[in-house]
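>>> Next input, structure requested:
(one chain, ligands or ions: 2)
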Amino acid sequence: MVKKENTELEIKINQLKKKRDAVILVHNYQLPEVQDIADYRGDSLELSRVAAKTDAKVIVFCGVYFMAETASILSPEKLVIMPDIHAGCPMANMLNAQELIKLKQKHPNAAVVGYVNTSAEVKAELDYCCTSTNAVAVVNALKDKEEIIFVPDKYLADYVSKKTGRKLITWNGFCPTHIRILPEDVKREKKFHPFAKIMVHPECLSSVVAMADAVLSTSQMAKFAKESEAKEFIVGTESGLIYRLKQDNPAKEFYPASERAVCPNMKRTTQEKVLWALEELKEEVKVPDQIRIRAKKAIDRMLEII
Ligand code: CIZ
Ligand code: SF4
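Ligands and ions are numbered 1, 2, ... in the order given. Next comes the predicted model:
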């Protein structure tokens, strides 16, 4: 694909980025204009791992709050900043540490697995963190555990439970964006595009997941779209991923399962806000050590499994 010329704003961002010794990490759900200035695009864990490896001093994290926290947990010595600190994740906000502590008290022998979409305080209460890429592998690794708590996403939990055959103790959390994708949407798109492969994120309704050819995280979708022989894809996840899929695969077609699957928090970050963040080196996201060290253990245990 021919790279379009940088705008004045993009040139300014690039210059200031070098001066500040910063890298710009951009989640797959971000606006196209933000993806255009990315040093790296990816899912939350991929980006946090890049943050941990880079020599840059400043990480500009374009995503939602828990993702910047995860980067801070893995890279405590770096300055992690968010261009819009108010970009949160409603799913992550559906479970707090006190609620999880109570749930653990009810099931004292259970292993506690939590999706990466959780606050740092909640991660500190987990035995294992997981992402949508590795949730099934993490639960499968807990064969010797009689009880497993899996929070906060009830749809991801349902998918993992079906794939592993394990009964899970769940929480009533969900992603307000992914549940907007309805079975009728998928049916309609399949009628328009009968040869398209249906890729669906496990945060979707179970009835939508049941219709998929492949149930995948965003990083897995990026890989699957590249490697598959198929030329057309119906995409059941947040709309931002389509921009990346089209850029990576110019000869293939991608259709959103629903135009309504737009996460307002992911769309808060703009190029202008990135420039301001670099100018002022703000807003910083820093997880205090007493939380960070415990939260990191849950992430490290996940990384030992995958
Ligand atoms: O972990 C992430 O980045 C999320 C929330 C979505 C995905 O599947 O990549
Ligand atoms: Fe949270 Fe859903 Fe937005 Fe992802 S798409 S950040 S899970 S609300």
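>>> from here on, contacts and neighbour counts on C-alpha atoms
OK.
>>> Restricting to C-alpha, output stretch 290-306 in PDB.
Below are the C-alpha coordinates for stretch 290-306, written out as PDB (Å, rounded to 0.1, in the frame of the first residue of the first chain):
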ATOM      1  CA  GLN A 290       2.300  -2.400  46.500                       C
ATOM      2  CA  ILE A 291      -0.300  -3.100  43.800                       C
ATOM      3  CA  ARG A 292       2.100  -3.400  40.900                       C
ATOM      4  CA  ILE A 293       4.200  -6.200  42.300                       C
ATOM      5  CA  ARG A 294       1.100  -8.400  43.100                       C
ATOM      6  CA  ALA A 295      -0.500  -7.600  39.700                       C
ATOM      7  CA  LYS A 296       2.700  -8.500  37.900                       C
ATOM      8  CA  LYS A 297       2.700 -11.900  39.500                       C
ATOM      9  CA  ALA A 298      -0.600 -12.700  37.800                       C
ATOM     10  CA  ILE A 299       0.700 -11.600  34.500                       C
ATOM     11  CA  ASP A 300       4.000 -13.500  34.900                       C
ATOM     12  CA  ARG A 301       2.100 -16.700  35.700                       C
ATOM     13  CA  MET A 302       0.100 -16.300  32.500                       C
ATOM     14  CA  LEU A 303       3.300 -15.800  30.500                       C
ATOM     15  CA  GLU A 304       4.700 -19.000  32.000                       C
ATOM     16  CA  ILE A 305       1.700 -20.900  30.500                       C
ATOM     17  CA  ILE A 306       1.700 -19.500  27.000                       C
END
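>>> Any part of it near ligand 1?
No. Judged by Cα under 6 Å from any ligand atom, stretch 290-306 and ligand 1 are separated, with a smallest distance of 12.7 Å.
>>> Can you name the residues in contact with that stretch?
73-74, 120-130, 134, 137-138, 141 (Cα atoms under 8 Å, 6 or more residues apart in numbering).
>>> same question for it, mean pLDDT?
The pLDDT scores in stretch 290-306 average 97.
>>> Mind listing what's buried along it?
For stretch 290-306, the neighbour count (16 or more other Cα atoms under 10 Å) marks Ile291, Arg292, Arg294, Ala295, Lys296, Lys297, Ala298, Ile299, Met302 as buried.
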